[in-house]
Structure formats: C-alpha cells, structure tokens
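Visitor: I need the structure of the sequence given here:
(2 chains)
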Amino acid sequence: MSTNSMFVKQFIPCISRRIQNSYFTRTYITATQPTLLPPIYSSLTQKQTEKKPVIQHHYRIVSGIVLTRSPQILRDLHPFEKEYYTYQQKLDQVLSPPFPVDFYFKKGSIAETKWKARDEQNKKNALAIFSSFKNNKTYSEDNKEKESIIKSYDVEEEEIKIASRITQADLNNDLKSLDRALQRTLYLIVKKPRAEHDWQLPQGGVNQKETLVQAAHRELEEECGKKMDVWFVGRRPIGYYKYTYPKDFVKEDIEARGAMVFFMKAHIFAGQVQVDNKEIVDFAWVTKQEMEKFVSKQYYAAVKDMLSEF
Amino acid sequence: MLLSTKVDILKKPLIKTTRVLTSRHLQTFGKFKPSANLIDDSEFYPGKSSMIRMEEYYNTILYDDLMILTYKDPKSEKTFIEKRLKKHLPLTKVTRDTDNPFLKNRPPLKPRGDKKSKPIPPPQTHESVPYLKEIYVHCMIKQAIHNKQHLLSGIMALQCITSERPTVTYSKTGVANWKLRAGMPIGCKVCIQGPPMYTFIDKLVEIVLPRMKEWHGVPMSSGDGDGNIAMGFPASALSLFPDIEGNYDSFPLMTGFDVIFNTTAYTDFEARSLLSGFQIPFNERKRRNKL
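Guide: Modelled structure (predicted):
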C-alpha cells in the first residue's frame, strides 16, 4: 500500500468526542454529525432517522469495502535472489563453526554415520564451487559411494509430497475461486446491473447513527450474502473517492450532488460470495493488476494506491 | 647516503600504527561505517541464506494492517505528545506564580515523583509503523550459585533454540538467603535479530505455544509502557522446542526462561497489536485495572 492513501487523504467526516479524552481507547469514526442529531432521542425519532442517509457538503457518504484475501504461500524468488541465496548457503556451509556431533548423536549410531556422510558431501560440494582445482574422477567415485549409503538410509524416512504452487483454479482461470493466485493479494470486485461503471469494489450508503464499519458490514451482508467470515481492520477508512452523479441519475435525495466513498479494509478467512442477482450480478477475485481491466480508468486511478503490489 | 636514509626513517615510521576509533572520533566523523563484509576477513559472516516466512509475512500483510491500526489522527497524536511532554512540578505555591522572587537565579524545580519521562514518537510516516527490533532470551540458573557447571546446560539450551551463542550474565546484587554475592555468574542471555529472530518466533508460535499446558496467553499487564513486552516460560516449555525435543536426555538441567520482545512501538497497545499479528495470544482476563 502506498502511503498517500493513509496520510494525504485523511479526510474524515466527523470524529466522535471520545478521541479527545483518551489516546488509545478504540476510537470510533462516525459518519453522523453530532450537532445535527435531534436533542431528544425518543424511540420514534430514532426509527425515522435510522434509515436516513448521511449527506455532508452536498455529498452522500458511502462506505466502500476493500475485501482482501492475503497471500497464502511465499512468493516465487527472483532468479538473482535465488542465486544469491544459494551462494550464501554454500558460504555458510564452509565457514560455519563445527557442529557438536558428540552432543547430538550417540557414538557409532546409524544416525551419526548418516549425518557425517551427508555433512562431508555438502561441504565438498560447497568447496567445489570456490576452488579452481577439481579432481572430477575421484570426486564422482566418492560421491557415488556416499550417495548409495545415504539412499539406503533414506528409504526408511517418509517421503514428503509438496503440493503444486499452481492450483486447478489458476489453470482454469477461474476468477471466482479463492484458491487462485496463491502468491498474490486478491480483492473482491462486484458487477452491478448497469451499462457504465458496472465493476467496482462493493459499497453502500451510510445511514444516520451508523459508523463507517457498521455500514460496511451491513452492506457486505446485503450485497454478497452472509456466508463469509470477515474481519475489518480497524475502524478508520484507508482511502476515499469522490464523484458527482451523472445528469440522468435518479437521485434518492435532491440535496446530494454526488457521493463520497470511504474505503474500509477487511480480510476474508472463510466462505464465499453469494450472488442474489438484484444488487449485484457477478463477482470476481482479482489482483491489483487484473483490476485495471475490469474497472473504469478514473475509478482505478482513485483506488490503486490502497492496493498491495504483493 | 646516510642523510637520505635518515630522512626516510623520519618520513615512514618503522612500526605501523593501527588506527583505533574512539568515541571522540566517531563524533567528529559522523556515523560509524562498519568495514565491508569480505570473505577474506576474519570477521566475515554470510548473509541471508533463504527467504524467511515470518519476515515475508510482516512485509506483505502485517505492515499494511498495522499502518491502519496504529494510525493516530492529528488531534489524538497532539494530545498524546502533550501528555508525554507534560512535567509534573511540585504542588506548591511557588510553581503557580512565575513572578515569585524565590525562583530568581535558582535552578528549575525538580518534578514530583521519580517517574522517568517517556520518549516522544516522531511524526507519523510509513516508516513509523512498529516492527520487531530484537528478541532477548534470558535464563537465570539458581543452581549455578553452588556449581558453575550448571550454566553450561542453560547456555547449550539457549544456543539450540536461538541458533546464536549466549553470553553469561552476572548478578548485580547479592542475596544473602541464596548465598549469592554480587558479580557471580548466575545466568545467560542471548540477543537475536533479523533472520534468527523470525525463525525463533516462528518456532515459538507454531510449535511451542500450542503445546503448552495450562497457559492462557501473555497477560495484558505485560509490557514496560514503551512497547517492549516480556513473557516467562516454565522449564517444561524448553523441552517443547523441536531443537531440544530430539535429544532431551543430553541436557542435565532444564531451566525456565524469559523472552523479551523489543519493538519500535511507543506504546504497549501498538506492541501488542504487532505481536498478536504474529499469532502470539494475549490473555484478556488478566487485564490490569488501570491501562
């Protein structure tokens, strides 16, 4: 994530008074304006205000969700990194202080002879790289003998099967699967039933007396179903995006000229999105680079700094 | 002929003097630069030899989340700094009126209480996100009072679990009841940074902590208030490390040990959120009354 999403765009609609009192008690960021709220909270007025959308400076306050699936496996090494690491490993093998064999192995045990043979071979292999002198004939003969010893012992050990780093979802290019692109961070984008700006991050309007996180949680359940285990990272937005409504847009409120989207970061741990075909038509789990193909240019420019390169 | 040799001798000193850098030199030359890490050097150490899981996890996932979680809005940042800067002057009449002639040409009054002033965090940037600086693993061996040989077992155990050689610690004060005098070797400690630190925390979190019995997590009261958190382990936890489990019989003495996490965080809250990011559990029940 680049820094400017956090430190430049730190526009927060309103901050509750709690923050002033204590430093690190969990702080709320409410989208409501405390001064505008009615002085007496009767049950009737509460019900009326609850579904009232929040509009500030003629902009509708909207909560967006950056739902991420973090990388599941370590990234592939760059060829140069790989070379560097193998070189350092060899150096380490040659220069490391002697291993206390007597401490770890009983004298004359199978484990001891096995370890000694393997260690000797490793050191020889490592040294062979640095020394210009190579007596290939004697080396290969020696190695063959020792390899046979090691192999005879290895039969006893269980073989470890390493799973493939490329999954079936990668091969099928299944954008809906959470098992794809295991090395990368994936982001959820949803498709709305309209011609323009159809693909975007899930979002929804904030109601009165509701925090940004509460609104984000509610909207995610409404749009993408309840079958997801989601954790929101803090209660602060990580970025914002402001846009004016197109002229032919049917406004819910006459006051609002446009919308201001505050993005909340969340992690998904389990479950999957369920499409209801009403609010959203389609969804996809994409990386930052893939997202550029789906969303509009303007939207991507606003959103890209929040997303991870890894 | 003679003259020329004389001049040569004067020019070049026969004994080559080695330059020793003192603290005064360091001040004048600015930052001390360590010599290049060359293979021919006797002090050469190999670099990072593989990608480390926990380090990679911090850089790709945890860093982003911690930036969000530890972010302070300008207002609360200001109040936090003001709180730390505040000096608690003695509650006397003199401190209230500045025009008092008593204060003229006198040194400033000492603050009340013996509280040390806490460090003030730098302005927030992407670099001020807390990270794990180093881990100290320390063990005190009481049996070493009577027999110093017992220290070896502790040293070997710490070396096994941290992959770095510990140093012996000496008692600062004597305890008459234990027959301990000041300056006696009493334990050992090791400081680990970088790759060994991340591999140690990996082992701790994945293998040792889940297998510990009757342990409910690090108490919330742990921490020095400046973002350093410590936890203690019983002797039974030492045998849970995979490096020791294999040849448990080789260690004549099992000792309890402390693990101290030094972070760059400025508050315990930040340090706790960093460590819980590394999957170290915290016990919510053992919360001290005043946080």
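Visitor: Apart from its chain neighbours, what residue comes closest to B:Asp202?
Guide: Residue nearest to B:Asp202 in three dimensions, not counting chain neighbours: B:Met54, with 4.9 Å by Cβ to Cβ, 6 or more residues apart in numbering or on different chains. No exception for glycine: its C-beta is placed from N, CA and C like everyone else's.
Visitor: so what pLDDT did the residue of the stretch 151-291 of chain B found nearest chain A get?
Guide: The nearest approach of the stretch 151-291 of chain B to chain A comes at B:Phe269, 4.6 Å away (Cβ to the nearest Cβ). Confidence at B:Phe269, expressed as pLDDT, is 92.
Visitor: count of residues packed around it?
Guide: 18 (other Cβ atoms under 10 Å in any protein chain shown).
Visitor: After the host helix or strand of it, which helix or strand is next?
Guide: Element membership for B:Phe269 (DSSP states H and E) is helix B:268-277. Scanning forward in sequence from helix B:268-277 by DSSP H and E, the next helix or strand is strand B:282-283.
Visitor: List the contacts of the helix holding B:Phe269.
Guide: A:24, B:58, B:62, B:65-66, B:69-70, B:130-132, B:218, B:220, B:223-229, B:261, B:263, B:265, B:282 (Cβ atoms under 8 Å, 6 or more residues apart in numbering or on different chains).
Visitor: Of all the residues in it, which ones are buried?
Guide: B:268-275, B:277 (16 or more other Cβ atoms under 10 Å in any protein chain shown).
Visitor: Burial check on the closest residue to A:Phe294 other than its chain neighbours, number of neighbours?
Guide: Spatial nearest neighbour of A:Phe294, excluding adjacent residues (Cβ to Cβ, 6+ apart): A:Trp199 at 4.1 Å. Neighbour count of A:Trp199, defined by other Cβ under 10 Å: 18.
Visitor: So in terms of bridging, what pairs with A:Trp199?
Guide: A:Lys191 (DSSP bridges).
Visitor: Can you list the strands that the top strand by length along chain A pairs with?
Guide: The residue-count maximum for a strand in chain A (DSSP state E) belongs to strand A:258-271. Next to strand A:258-271 in the sheet, as set by DSSP bridges, lie strand A:59-69 (parallel), strand A:228-232 (antiparallel), strand A:239-244 (antiparallel).
Visitor: got the residue ranges for the helices in the stretch 1-150 of chain B?
Guide: For the stretch 1-150 of chain B, helices defined by DSSP state H, counting those that start in this stretch occupy the ranges B:2-11, B:23-29, B:53-57, B:63-69, B:74-85, B:93-96, B:150-162.
Visitor: okay if I get those as TSV plus distance to A:Ile280, mean neighbour count and mean pLDDT?
Guide: Listed next are those as TSV, based on distance: least, Cβ to Cβ, whole Å; neighbours: other Cβ atoms under 10 Å in any protein chain shown; pLDDT from 0 to 100:
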stretch	distance to A:Ile280	mean neighbour count	mean pLDDT
helix B:2-11	86	8	47
helix B:23-29	63	9	51
helix B:53-57	32	18	93
helix B:63-69	26	21	93
helix B:74-85	37	13	91
helix B:93-96	65	11	73
helix B:150-162	51	21	93
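Visitor: Kindly state which of the ones you listed is positioned closest to A:Asp305.
Guide: A:Asp305 lies closest, by Cβ to Cβ, to one member of those: helix B:63-69, at 12.0 Å.
Visitor: Alpha carbons only: can I get the closest one in PDB?
Guide: Extracted C-alpha coordinates of helix B:63-69, given in PDB (Å, rounded to 0.1, in the frame of the first residue of the first chain):
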ATOM      1  CA  TYR B  63       2.800  -4.000   7.700                       C
ATOM      2  CA  ASP B  64      -0.300  -2.700   5.800                       C
ATOM      3  CA  ASP B  65      -2.700  -3.700   8.600                       C
ATOM      4  CA  LEU B  66      -0.500  -2.200  11.400                       C
ATOM      5  CA  MET B  67      -0.400   1.100   9.500                       C
ATOM      6  CA  ILE B  68      -4.100   1.300   9.700                       C
ATOM      7  CA  LEU B  69      -4.500   0.000  13.200                       C
END
